[in-house]
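Peer 1: Sequence unavailable; structure follows:
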């Protein structure tokens with residue numbers, strides 16, 4: 001049975017034990033994530049800009065956050081409201 005992805009608020013990120021390892025295996029997947037995160041930043045500048053971000057934890061599976069991406073760097077992503085995610089724990093970005 002496939003694990004269900006739970007939706008959480010960005011305010012709950014600090015309660016999670018986020019993955020300490022890169023969750024994507026292929027370089028093409030990592031490049032695609034980088035591209036989608038940059039697109040998410042541009043989307044925010046054009047309006048509402050919220051996107052779905054699926055993150056992986058060390059011990060509780062995957063979670064989905066619906067938030068606006070302010071900045072996307074190599075190591076971290078900043079969400080609106082001053083919340084940060086390590087880029088390595090981001091499994092999927094849906095624009």
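Peer 2: Perfect, I can see it now. What you see is a predicted model; the values in this text were computed from it and never measured. Numbering: from 1, shown residues only.
Peer 1: any idea how far the closest residue to residue 13 other than its chain neighbours is from residue 76?
Peer 2: Among residues not flanking residue 13 along the chain, residue 83 sits closest, at 5.5 Å (C-beta to C-beta, 6 or more residues apart in numbering). C-beta: built from backbone N, CA, C; applies to glycine. According to C-beta to C-beta, to the nearest Å, residue 83 stands 10 Å off from residue 76.
Peer 1: So those two - more neighbours on which side?
Peer 2: Ranked by neighbour count (other C-beta atoms under 10 Å), residue 83 and residue 76 place residue 83 first, with 17 against 12.
Peer 1: ok, that one - contacts?
Peer 2: 10-11, 13, 67 (C-beta atoms under 8 Å, 6 or more residues apart in numbering).
Peer 1: give me that answer again for 10 Å
Peer 2: 9-14, 65, 67, 70, 77 (C-beta atoms under 10 Å, 6 or more residues apart in numbering).
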